[in-house]
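*Asks:* output the structure for:
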Amino acid sequence: MIAAAEYGKALFSLAKETHSEDAILETLKIVRDMLSNYPAYSKLLDTPAISTDEKLSLIDKSFGECEQIVLNFIKILCEKHAVYQLHACVSTYIQLYNEEKGICEATCITAMPLTDFQKNALCQKISTMTHKRVQLTEKVDSALIGGMILLVDGKQLDGSIKTRLDHFRLALADIIM
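*Replies:* Presented below is the predicted three-dimensional model:
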């Protein structure tokens, strides 16, 4: 078993040395998404039933057009039987990249899609709070009824009507009992 965080840090350090942080980030996201969409392929690359040479050949065929650093990284994970750890390595890489570039990732969950004006206002507010550039991911969950849940830097702010109604229901149940 590998220390995924350490591998992610090492990969980021190498990317910085070669001034290829952006290109490697984009390639890592593509590879991560591809392996997420095809989990059987990840299992194939980690299985001891196939020789390492055959697996490395498969990696060359599948990812041969990738950044060389990423291609080599996947091969190292394969040799260590740790391709399943790629997601955790990429998460560490993204975290370090965001810290270096002053980026804050935020997720906004609402009952209905936000308008462009609302997105811009929300990003501006988060940017003012964090002093970072905001990358906003929007998700829609009609079960919220209204309001929003905001995830920023590992903190959750829940202002959804569903949560307010749930709290009200519990308070009412305490009064009645």
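*Asks:* make it CA atoms for all contacts and neighbour counts henceforth
*Replies:* Noted.
*Asks:* show the pLDDT at the residue nearest the centre of the chain.
*Replies:* Nearest to the geometric centre of the chain sits Ser91, at 5.6 Å (C-alpha atoms, centre = their mean). The model reports Ser91 with a pLDDT of 95.
*Asks:* that one sits in which helix or strand?
*Replies:* helix 86-101 (DSSP states H and E).
*Asks:* buried ones in stretch 88-100?
*Replies:* Ala88, Cys89, Val90, Ser91, Thr92, Tyr93, Ile94, Gln95, Leu96, Tyr97, Asn98 (16 or more other C-alpha atoms under 10 Å).
*Asks:* and what of stretch 146-162?
*Replies:* Gly146, Gly147, Met148, Ile149, Leu150, Leu151, Val152, Asp158, Ser160, Ile161, Lys162.
*Asks:* now the fifth one: closest residue in space, sequence neighbours ignored.
*Replies:* Meaning Leu150. Cys108 (4.6 Å; C-alpha to C-alpha, 6 or more residues apart in numbering).
*Asks:* just checking, Gly64 touches Leu71?
*Replies:* Yes: counting by C-alpha atoms under 8 Å, Gly64 touches Leu71, with 7.0 Å between them.
*Asks:* cool, thanks, signing off.
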